[in-house]
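Peer 1: Next one to model:
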Amino acid sequence: MNAIELNDLPYLREESLRVFRWLLAKYPNIEIPKPHTQEPIEFPIRWKTEQMGQIFEWVISDMGSVTLRLGGLEGNRRNPAPIFYLSLRKGEEGKLQWTDPEGNPIPFPDPSILVEIQNRVQLYIDSVS
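Peer 2: Below is the predicted model:
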């Protein structure tokens, strides 16, 4: 993999904003008042959402990372465990692409990823039941 360079930073930020808007539409903020409705947006972007009766928190960084983690009482710990994580990395061709923690390319944002997110949430819920 190639290293991220200084000239990649504007793209990372723009892609992070694009992904944030896409995720927020799919996983609405349950807190009131709803933050992030007006520019400028400050990073990291955080909001809480409810899935399958559990509270989770999305965290989007301006360096191209997306994390879904515990957001209820368990989420109050310093670094709650991630349920789902993707990051932007440079591939062999020098092109930035979304990857899972193992470095596998992932189509994102893409509706197909919603199934993977749901599977990860279900795995967590099953593990604590």
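Peer 1: alpha carbons only for contacts and neighbour counts from here, please
Peer 2: Will do.
Peer 1: could you give the mean pLDDT of stretch 85-97?
Peer 2: On average, the pLDDT along stretch 85-97 is 91.
Peer 1: That stretch: end-to-end distance?
Peer 2: End-to-end distance for stretch 85-97: 14 Å, by C-alpha to C-alpha, to the nearest Å.
Peer 1: for it, which positions count as buried?
Peer 2: By 16 or more other C-alpha atoms under 10 Å, the buried positions in stretch 85-97 come out as 85, 86, 87, 88, 89, 90, 91, 96, 97.
Peer 1: And the next helix or strand past the helix or strand the last one falls within?
Peer 2: Put plainly, it is residue 97. Taking DSSP states H and E as the criterion, residue 97 maps to strand 96-99. As assigned by DSSP H and E, the chain's next helix or strand after strand 96-99 is helix 113-128.
Peer 1: Okay, buried residues for that following helix please.
Peer 2: Counting neighbours by 16+ other C-alpha under 10 Å, helix 113-128 gives 120, 121 as buried.
Peer 1: Can you tell me how far residue 121 is from residue 68?
Peer 2: Taken as C-alpha to C-alpha, the span from residue 121 to residue 68 is 9 Å.
Peer 1: what is in contact with those two at once?
Peer 2: residue 83 (C-alpha atoms under 8 Å, 6 or more residues apart in numbering).
Peer 1: Next up, phi/psi of the residue positioned nearest the centre of the chain, please.
Peer 2: Most central in the chain under C-alpha atoms, centre = their mean is residue 66, positioned 2.4 Å from the mean C-alpha point. When read as degrees, to the nearest 10, the backbone of residue 66 gives phi -130, psi 120.
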